[in-house]
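3D model of this:
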Amino acid sequence: MSQEFTFAIKRIHFDENYHPANNTRLTTNFANLARGEHRQENLRKALKMIDNRFNALAHWDNPHADRYSVELEIISVDIDVEGNGKTFPTIEILKTNIIDHKNNQRIEGIVGNNFSSYVRDYDFSVLLPAHNKHQAQFSTPENYGELHGKIFKTFVNSNVYKENFAKAPVICLSVSSSKIYHRTENQHPVLGVEYQQDSYSLTDEYFAKMGLQVRYFMPPNSVAPLAFYHRGDLLIDYSDLELIGTISTMETFQKIYRPEIYNANSAAGKYYQPSLKYQDYSLTQIVYDREERSQLAIKQGKFTEQHFIKPYQKILEQWAANYAV
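Residues are numbered from 1 along each chain as shown. Next up, the predicted model:
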């Protein structure tokens, strides 16, 4: 009989007073903003950008573009492998909630949005480079991403998830700079114009192992498509306001972290290949150290190897071999 893992959820508000917890991955969008001497100003500006973008997209019955604001919660998920109360921080995602000031109403938004995972840091920053160190051609190790994907699917199928969240997660990320995307004729009033690509990126394949399919949309007045990883039917399962909550939050983060793509001064054309070497873009007023972020990912991957992969290796291997949805 395979080991049963248990999950515990912690919630913390992401606002201008947010301070990262000790076990928060410092590479996350939200934790990175909340550091340094300008932390509170960074947070205030980012949250204002989110609200402004939300009101621009939810423009109906909103003549002064101030009807809505977005509240964000950081959802931290810890896993207990042995059932002894000793946990490891597994996943961090964001939950949006929408405040309708006209109707004095709080509307539940989508969970997911941002996605952070210590095991993913290990896979991408430790396991993958080690595998390719002496390879003539880039490849992935056998069963690459399988453990991470099974842990994520187990969490989403768990009672803990279902007790806390009404709908399946949607994770919104940047498109891949290694792929060419082409615009289709399909257009959604909120998600915008759909783009497609001819082959999946490494990230797309990794998220497929998490049980998530991907679609790419460029929302109205955006300059590049976003990748939406989801279960079920993205266009049917979520309301317009729910989708706007995700777009406004994640597009804001991408403008800060990938301005070459998401704050470019010209919009993606019919055929589009993103590039972080693109020169014609504008900077937000929010300071961010991308080099430090990539170094932290390596440190956190090694931390995962030391405190999760190696100590629980036999249990994890047996569990993954016996895994069933």
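
when you work out contacts or count neighbours from here on, use the C-alpha atoms and nothing else.
OK.

leaving out the residues flanking it, which one is nearest to residue 120?
residue 148 (6.9 Å; CA to CA, 6 or more residues apart in numbering).

and the one you found, how close does it get to residue 111?
Relative to residue 111, residue 148 is positioned 19 Å away (CA to CA, to the nearest Å).

the two: who's more crowded?
Remark: of residue 148 and residue 111, residue 111 carries more neighbours, 26 against 22, as counted by other CA atoms under 10 Å.

separation between the more buried one and residue 210?
15 Å.

got the residue ranges for the helices in the stretch 1-150 of the chain?
For the stretch 1-150 of the chain, the helices defined by DSSP state H, counting those that start in this stretch occupy 29-33, 39-57, 118-122, 128-132, 146-156.

can you redo these as CSV with mean pLDDT and distance to residue 183?
As requested, the helices of the stretch 1-150 of the chain are exported to CSV (pLDDT from 0 to 100; distance: least, CA to CA, whole Å):
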stretch, mean pLDDT, distance to residue 183
helix 29-33, 60, 28
helix 39-57, 91, 21
helix 118-122, 91, 30
helix 128-132, 88, 32
helix 146-156, 95, 30
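
residue 274 is nearest to which of the ones you listed?
Closest to residue 274 of these is helix 29-33 (CA to CA; 19.8 Å).

what residues are up against the residue positioned nearest the centre of the chain?
The chain has residue 114 as the residue nearest its centroid, 2.5 Å off, counting by CA atoms, centre = their mean. Contact partners of residue 114, counting by CA atoms under 8 Å, 6 or more residues apart in numbering, are 29, 92-94, 171-173, 250.

tell me, what's the model's pLDDT at residue 289?
Listed pLDDT for residue 289 reads 64.

swap in the one 5 residues further on?
pLDDT, residue 294: 68.

same question, the one 5 residues further on
The confidence metric pLDDT takes the value 85 at residue 299.

before we move on, what about the one 4 residues further on?
Residue 303 carries a pLDDT score of 90 in this model.

next: residue 24.
In this prediction residue 24 is given a pLDDT of 52.

please apply the same query to residue 230.
pLDDT, read off for residue 230, is 97.

who does it bridge with?
Beta-bridge pairing of residue 230 under DSSP bridges involves residue 170, residue 213.

quick check: it touching residue 214?
Yes. Assessed by CA atoms under 8 Å, residue 230 is found in contact with residue 214 at 6.3 Å.

quick revisit: among the contacts of residue 114, which ones are in strands?
The strands, defined by DSSP state E, take in 92-94, 171-173 from the contacts of residue 114.

give me the phi and psi for residue 310.
When quoted as degrees, to the nearest 10, the phi and psi of residue 310 stand at phi -70, psi -50.

to clarify, my last question referred to residue 162.
Dihedral angles (degrees, to the nearest 10) for residue 162: phi -70, psi -30.

run a quick neighbour tally on it.
13.

residues contacting it?
Going by CA under 8 Å, 6+ apart, the list of residues near residue 162 reads residue 156.

any idea which helix or strand comes after the helix or strand containing residue 244?
Taking DSSP states H and E as the definition, residue 244 sits inside helix 240-257. Of the helices and strands lying after helix 240-257 in sequence (DSSP H and E), the nearest is helix 259-262.

in PDB, list the C-alpha atoms belonging to that following helix.
Extracted in PDB, the C-alpha atoms of helix 259-262 (Å, rounded to 0.1, in the frame of the first residue of the first chain):
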ATOM      1  CA  PRO A 259       9.400  44.400 -19.300                       C
ATOM      2  CA  GLU A 260      11.100  43.400 -22.600                       C
ATOM      3  CA  ILE A 261       8.100  41.200 -23.400                       C
ATOM      4  CA  TYR A 262       5.100  42.600 -21.400                       C
END
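
name the helices or strands packed onto it?
helix 240-257 (3 or more CA pairs under 8 Å, 6 or more residues apart in numbering; DSSP states H and E).

export the helix it packs on to CSV, keeping only CA atoms.
C-alpha atoms of helix 240-257 as CSV (Å, rounded to 0.1, in the frame of the first residue of the first chain):
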residue,chain,number,x,y,z
ASP,A,240,-15.3,37.4,-16.8
LEU,A,241,-14.5,39.0,-13.4
GLU,A,242,-12.6,35.9,-12.2
LEU,A,243,-10.5,35.9,-15.4
ILE,A,244,-9.9,39.7,-15.2
GLY,A,245,-8.6,39.2,-11.6
THR,A,246,-6.0,36.7,-12.9
ILE,A,247,-5.0,38.8,-16.0
SER,A,248,-4.6,42.1,-14.0
THR,A,249,-2.5,40.4,-11.3
MET,A,250,-0.2,38.4,-13.5
GLU,A,251,0.2,41.0,-16.3
THR,A,252,1.3,43.4,-13.6
PHE,A,253,4.0,41.0,-12.3
GLN,A,254,5.1,40.3,-15.9
LYS,A,255,5.5,44.0,-16.7
ILE,A,256,7.8,44.3,-13.7
TYR,A,257,9.8,41.1,-14.2
